[in-house]
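Colleague: when you get a sec, could you give me coordinates for this:
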Amino acid sequence: MTQPIVISMGDPAGIGPETIAKAWMEREARALPPFVAVGDGRAVARVWDGPIAPVSDLAAVDRVFDEALPVLTVQDAGEIVPGQPDADGARCALHALELAAGLVRSGAGRALVTGPVSKSQLYGVGFTHPGQTEFVAERCGIARDNAVMMLAGPGLRVVPITTHVALASVSGLLSVELIVAKARVTARGLTRNFGIAAPRLAFAGFNPHAGEDGTMGREEIDVIRPAIEQLVAEGIDARGPFPADTMFHARARDQYDAALCCYHDQALVPLKTLHFDDGVNITLGLPIVRTSPDHGTAFGIAGTGVAHPGATIAAIAMADAAARQRALCAAAA
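Modeller: Residues are numbered from 1 along each chain as shown. I've put the predicted structure just below:
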């Protein structure tokens with residue numbers, strides 16, 4: 001019996017329950033492996049009239065998956081109204097994330113997929129992490145800086161070197177040490193999760209035209225280039241820095257396996273432009289596989305039946321592929 005993919009539902013008032021149910025409906029067409037949703041099963045029933053199979057442990061998932069969506073309930077989320085988040089729902093989402101991460105960390109599940117959550121609601125019930133990535137990293141015993149957020153689609157992979165910080169703070173946060181650390185994890189993650197033996201990393205400049213030889217800023221000269229030189233000396237194929245406005249057309253993307261960008265929107269704008277419906281957030285540097293659909297809770301459309309499951313399906317498929325690739329790497333070691 002193969003261990004299932006474990007999916008935390010996210011906020012029960014968001015679109016997570018609906019997209020998980022729709023992913024189950026497409027399980028055969030998309031050749032998805034068995035998976036189980038962790039959360040309050042009523043959140044699925046509010047937005048979907050398909051078959052649900054409550055399970056108490058993961059051993060039952062394989063037996064019921066062909067006939068119904070397996071759901072492992074962790075906590076009553078109170079009164080669930082799609083599109084109307086509240087504290088009870090946030091507590092349920094947090095407990096679901098905790099249990100789902102623990103099940104995968106223990107080996108009962110093959111990989112973790114995390115549904116979208118509302119950070120503002122989570123902060124209201126005591127959540128202290130910047131996001132789910134940092135929470136999962138901590139539960140896995142990994143330092144925050146050693147967990148790298150990669151956004152990936154069929155035609156592009158990007159890594160924001162700094163993530164959820166104000167743009168005005170980015171220059172001061174960039175350092176040779178930070179860039180080198182993120183790049184090392186990225187290179188190793190491309191091999192472990194994607195089977196790329198010799199990853200090619202391209203670095204975006206911080207300033208327009210990559211600084212134009214220092215006339216529009218010195219971040220490229222003082223920080224990014226020294227980091228690239230150190231990586232090259234370590235045997236990593238690191239290139240750049242390149243002007244960000246010429247890095248993401250089709251011919252440029254053929255020249256690298258991942259683009260490392262200085263700040264959040266520099267990485268996510270091209271990724272979401274190309275892969276809005278099938279972009280996946282995958283965390284590199286963890287002892288487990290963790291992915292997430294690259295979209296939010298979308299409370300505005302929750303419960304209307306129009307949520308697109310593409311990113312959830314892509315997150316499940318990527319988690320499955322990464323788990324298989326890790327198993328191959330472990331067997332070959």
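Colleague: just the pLDDT for the residue nearest to residue 286 when sequence neighbours are not counted.
Modeller: With CB to CB, 6 or more residues apart in numbering as the criterion, residue 286 has its nearest non-adjacent residue at 5.1 Å, and that residue is residue 140. Every C-beta, even on glycine, is put in place using the N, C-alpha and C of the backbone. Confidence at residue 140, expressed as pLDDT, is 94.
Colleague: next: residue 77.
Modeller: On the pLDDT scale, residue 77 is placed at 75.
Colleague: quick one: residues contacting it.
Modeller: Listed by CB atoms under 8 Å, 6 or more residues apart in numbering, the contact set of residue 77 reads 12, 39, 40, 42, 43, 88, 89, 91, 92, 93.
Colleague: likewise residue 3?
Modeller: Residues counted as contacts of residue 3 (CB under 8 Å, 6+ apart) are 58, 107, 108, 109, 110.
Colleague: can you give me the strands in this protein?
Modeller: Secondary structure of the chain, counting by DSSP state E: strands at 5-8, 35-39, 52-54, 69-73, 111-114, 148-153, 156-160, 200-204, 237-242, 258-261, 280-284, 290-293.
Colleague: mind checking how far the closest residue to residue 25 other than its chain neighbours is from residue 26?
Modeller: Nearest residue to residue 25, sequence neighbours excluded (CB to CB, 6+ apart): residue 50, at 6.7 Å. Taking CB to CB, to the nearest Å as the measure, residue 50 falls 12 Å from residue 26.
Colleague: so these two - more neighbours on which side?
Modeller: A count of neighbours by other CB atoms under 10 Å puts residue 26 above the other of residue 50 and residue 26, at 15 against 12.
Colleague: what about residue 276, how many neighbours?
Modeller: 14.
Colleague: kindly report the same for the one 10 residues further on.
Modeller: Here the neighbour count serves as a burial measure; for residue 286 (other CB under 10 Å) it reads 25.
Colleague: who are the neighbours in contact with the nearest residue to residue 284 once chain neighbours are set aside?
Modeller: Nearest residue to residue 284 in three dimensions, chain neighbours excluded: residue 189, at 3.0 Å (CB to CB, 6+ apart). With contact set as CB under 8 Å, 6+ apart, residue 189 has these partners: 148, 150, 282, 284, 285.
Colleague: ok, so of the contacts of residue 77, who is nearest residue 314?
Modeller: Closest to residue 314 out of the contacts of residue 77 is residue 39 (20.2 Å), distances taken as CB to CB.
Colleague: any idea how far residue 242 is from the nearest residue to that closest one once chain neighbours are set aside?
Modeller: Of all residues not flanking residue 39 in the chain, residue 9 sits nearest, at 3.1 Å (CB to CB, 6+ apart). Between residue 9 and residue 242 the distance, using CB to CB, works out to 40 Å.
Colleague: more neighbours: which of these two?
Modeller: Each of residue 9 and residue 242 had its neighbours counted (other CB under 10 Å), and the higher figure belongs to residue 9 (33 against 19).
Colleague: doesn't residue 42 make contact with the more buried one?
Modeller: No: in this structure, residue 9 is not within contact of residue 42 by CB atoms under 8 Å, at 10.7 Å.
Colleague: where do the contact lists of these two overlap?
Modeller: Contact criterion CB under 8 Å, 6+ apart; residues shared by residue 9 and residue 42: none found.
Colleague: run a quick neighbour tally on residue 213.
Modeller: So residue 213, with other CB under 10 Å, has 10 neighbours.
Colleague: contacting residues for it?
Modeller: By CB under 8 Å, 6+ apart, the residues touching residue 213 are residue 221.
Colleague: and for the one 3 residues further on?
Modeller: Taking CB under 8 Å, 6+ apart as the definition of contact, the neighbours of residue 216 are 207, 208, 209.
Colleague: could I get the phi/psi values of the first one?
Modeller: Dihedral angles of residue 207 (phi, psi; degrees, to the nearest 10) stand at phi -100, psi 160.
Colleague: that one - nearest residue in space that isn't next to it in sequence?
Modeller: Closest residue to residue 207 apart from its sequence neighbours, by CB to CB, 6+ apart: residue 217 at 3.7 Å.
Colleague: that neighbour contacts residue 209, correct?
Modeller: No: in terms of CB under 8 Å, residue 217 does not count as a neighbour of residue 209; the distance is 9.7 Å.
Colleague: related to what we said a few turns ago, contact partners for the residue nearest to residue 207?
Modeller: By CB under 8 Å, 6+ apart, the contact list for residue 217 reads 171, 206, 207, 211.
Colleague: what does stretch 83-98 rub up against?
Modeller: Applying CB under 8 Å, 6+ apart, the set of residues contacting stretch 83-98 from outside is 8-14, 38-40, 74-80, 114-115, 117-118, 121-122, 124-125, 127, 132, 135-136, 139, 297, 299-303.
Colleague: for the residue nearest to residue 207, which residues make a bridge with it?
Modeller: Residues in a beta bridge with residue 217, per DSSP bridges, are residue 215.
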